[in-house]
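Asks: Kindly return the folded structure for what I paste below:
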Amino acid sequence: MDDINNRFAFHAATTEEKQMQHSSARSACLNLAQFLNEKLPEGREKSLSLTKLEESMFWANAAIARNQ
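Replies: Residues are numbered from 1 along each chain as shown. Prediction:
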C-alpha cells in the first residue's frame, strides 16, 4: 500500500537540489527534442519519438520527486 500511496501522491520539489535536478532533466530533454525536431523528417515516427521523449521526461521527474 505504501507504494500505491507514493505513486499517487503530490511530491513537491522541497529542496533546491531537487529543483535543479528537475530543471536539468527538462533542459536535457528539451535540447534533444529540438535536435530531433530539426533532424527528423515529418511523419508518424518523428511524432512518436517526441511523444516518447516527453514521456521519458515525465518519468525522470517522477523518479526525482518520488525518491527521498
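
Asks: name the element the closest residue to Q21 other than its chain neighbours belongs to?
Replies: With sequence-adjacent residues excluded and distances taken as C-beta to C-beta, 6 or more residues apart in numbering, Q21 is closest to I64, at 4.7 Å. C-beta: built from backbone N, CA, C; applies to glycine. Secondary structure assignment for I64, by DSSP states H and E: helix 44-66.

Asks: Now do that helix: everything it contacts.
Replies: Contact with helix 44-66 is made by 6-7, 11-13, 18, 21-22, 25-26, 29, 32-33, 36-37, 40, as judged by C-beta atoms under 8 Å, 6 or more residues apart in numbering.

Asks: what's the answer for stretch 26-34, then?
Replies: L50, L53, E54, S56, M57, A60, N61.

Asks: Quick one: mean pLDDT over that stretch.
Replies: The average pLDDT within stretch 26-34 is 97.

Asks: residue nearest the centroid of this protein?
Replies: Geometric centre of the chain, nearest residue: M57, 1.4 Å, by C-alpha atoms, centre = their mean.

Asks: so how far is stretch 27-37 off the chain centroid?
Replies: How far stretch 27-37 lies from its chain's middle: 12 Å, per C-alpha atoms, centre = their mean, to the nearest Å.

Asks: swap in stretch 27-40?
Replies: Counting by C-alpha atoms, centre = their mean, stretch 27-40 comes out at 13 Å from the chain centroid.

Asks: For the residue nearest to the centre of the chain, give me the pLDDT.
Replies: 96.

Asks: mind listing what's buried in the helix holding I64?
Replies: Applying a neighbour-count criterion of 16 or more other C-beta atoms under 10 Å, one finds S49, L50, M57, A60, N61, I64, A65 buried in helix 44-66.

Asks: Relative to C29, how far out is the first one?
Replies: I take that to be S49. For S49, the distance to C29 equals 12 Å [C-beta to C-beta, to the nearest Å].

Asks: try the second one
Replies: In this view, L50 and C29 are 10 Å apart by C-beta to C-beta.
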